[in-house]
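1. Below is the sequence, then the predicted model.
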Amino acid sequence: MSIRHFLTLCDFSPTELEYLIERAIQLKAKHRSKQAHTPMQGQVLGMIFEKSSTRTRVSFEAGAAQLGGSAIFLSPRDTQLGRGEPIEDSARVLSRMVDIIMIRTFEHSKLELFAKYSSAPVINALTDDYHPCQLLADIQTYVEHRGTIRGKKVAWIGDGNNMCNSYINAARQFGFELAVACPEGYEPMQSLVEQNADRVKIFRTPSDAVAGAHLVVTDVWASMGQEQEQAEREKAFAAFQVSPELMNKAAPDALFMHCLPAHRGEEISTDMLDDQRSVVWDEAENRLHAQKALMEFLLYGKQV
């Protein structure tokens, strides 16, 4: 099997992505029923972190262990990625020592360069431009609660960040309509919006975006590395908080998601995570199972 990488959702076909969602649901059921499933026996996951993380590290490390493999955590102190050693050299060496690699970093171009020279599958565990693993978990969560997301309407409220960019890719790959509500100057990647103009629309008020939406999603106003912009962003996004009142404008069966960590009183009201329409805890757990399905697929292909 030729080496495949997962840098954005567009690296896989819609059919392959649908398979991953169904496989994640199957692996979740196996785990909950205590069925051992250890295809990664003797395999090692290399985890390269240039950005800190809680859910990403735990979900990948636990996922590798549950599949029978092991994981090596490499922090910025443990690697010389792009500093003392060229990225392509690090990729050549590390990919000869481990079987699959996940990278959480800043520049997407750095991830692409690493993947180009890696002889092992590379997974994007977050860059400044995209967060495709979170989208696998989000779609899995929607499917578990409501069935297919194809033909539905999703509303993204807030910053046009890496999550928003990945939601645009998801709209294309999973076949849904995306309404993005953001202030001027905080739009998602323009090229993505233009390429998907038939399914993505930009709004300036959250209420317009959520009207009739089947899924409402948000994220923090200041992402990692933007802390110095916090005060400026709080001012720009003041009218973009998601609350139960805003959710009332969505479809009657609408769900709410947030990739976490959440800042209560900022991008969400203090009571939003506890609202009956919120599925954020299922969404968080599903990072584990979606990533197990992803690792299994990259290492062994489809399972029958």
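-> Cool, the structure landed.

2. For this protein, which segments count as strands?
-> For the chain, the strands defined by DSSP state E occupy 44-49, 70-74, 100-104, 122-124, 153-157, 177-181, 200-203, 215-218, 255-258.

3. on contacts alone, who are the packing partners of the first one?
-> Spelled out, that is strand 44-49. Counting by 3 or more Cβ pairs under 8 Å, 6 or more residues apart in numbering; DSSP states H and E, the packing neighbours recorded for strand 44-49 are helix 55-66, strand 70-74, helix 87-97, strand 100-104. Backbone N, C-alpha and C define where each C-beta goes, glycine included.

4. Out of the ones you listed, which one sits most buried?
-> Counting by mean count of other Cβ atoms under 10 Å, strand 100-104 has the highest mean neighbour count of the helices and strands packed on strand 44-49, with a mean of 25.

5. Export the strands of the chain as TSV, with columns for mean pLDDT.
-> Converted to TSV, these look like this (pLDDT from 0 to 100):
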stretch	mean pLDDT
strand 44-49	97
strand 70-74	97
strand 100-104	97
strand 122-124	98
strand 153-157	98
strand 177-181	98
strand 200-203	98
strand 215-218	98
strand 255-258	98
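
6. Columns distance to residue 267 on top of the ones you listed, output as CSV?
-> Output for the strands of the chain, formatted as CSV (distance: least, Cβ to Cβ, whole Å):
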stretch, distance to residue 267
strand 44-49, 24
strand 70-74, 29
strand 100-104, 21
strand 122-124, 23
strand 153-157, 8
strand 177-181, 12
strand 200-203, 16
strand 215-218, 5
strand 255-258, 8
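
7. Just tell me which of those strands ends up closest to residue 293.
-> Closest to residue 293 of these, according to Cβ to Cβ: strand 122-124, at 11.8 Å.

8. which outside residues touch the closest one?
-> In this structure, residues lying in contact with strand 122-124 by Cβ atoms under 8 Å, 6 or more residues apart in numbering are 5-8, 100-103, 108, 111, 114-115, 130-133, 291, 294-295, 298.

9. Any of these buried? List them.
-> Buried members of those, scored by 16 or more other Cβ atoms under 10 Å, are 5-8, 100-103, 108, 111, 114-115, 130-133, 291, 294-295, 298.

10. buried ones in the lowest-mean-pLDDT helix or strand in the chain?
-> The weakest-scoring helix or strand in the chain, judged by mean pLDDT, DSSP states H and E, is helix 230-236 (a mean of 90). Residues of helix 230-236 classed as buried: 233, 236 (neighbour count, 16+ other Cβ under 10 Å).

11. Mind listing residues that contact it?
-> Against helix 230-236 from outside (Cβ under 8 Å, 6+ apart): 159, 183, 185, 186, 221, 222, 226, 266.

12. the domain parsing of this protein - what is it?
-> What the TED database lists as the domains of the chain is 5-131+287-300, 134-284.

13. residue boundaries of the helices in this structure?
-> Secondary structure of the chain (DSSP state H): helices at 14-32, 55-66, 87-97, 108-117, 132-146, 162-174, 190-195, 206-210, 230-236, 244-247, 280-300.

14. looking at those helices, which has the lowest confidence?
-> Mean pLDDT is lowest for helix 230-236 among those, at a mean of 90.

15. so who does the most centrally placed residue in the chain touch?
-> In the chain, the residue lying closest to the centroid (Cα atoms, centre = their mean) is residue 134, at 1.9 Å. Listed by Cβ under 8 Å, 6+ apart, the contact set of residue 134 reads 126, 163, 166, 259, 287.

16. List just the nearest of those to residue 13.
-> Nearest member of those to residue 13, counting by Cβ to Cβ, is residue 166, at 16.6 Å.

17. and that closest one, what does it touch?
-> Taking Cβ under 8 Å, 6+ apart, one finds 8, 9, 130, 131, 132, 134, 135 in contact with residue 166.

18. Please give the number of neighbouring residues around the nearest residue to the second one once chain neighbours are set aside.
-> Okay, so that is residue 9. Leaving aside its sequence neighbours, residue 9 sits nearest to residue 169 (Cβ to Cβ, 6 or more residues apart in numbering; 4.2 Å). Neighbour count for residue 169, taken as other Cβ atoms under 10 Å: 22.

19. which ones are touching residue 169?
-> 8, 9, 10, 130, 132, 135, 192.

20. Find out how far the least confident helix or strand of the chain is from the centre of the chain, if you would.
-> With Cα atoms, centre = their mean, to the nearest Å as the basis, helix 230-236 stands 24 Å off its chain's centre.

21. Good, wrapping up.
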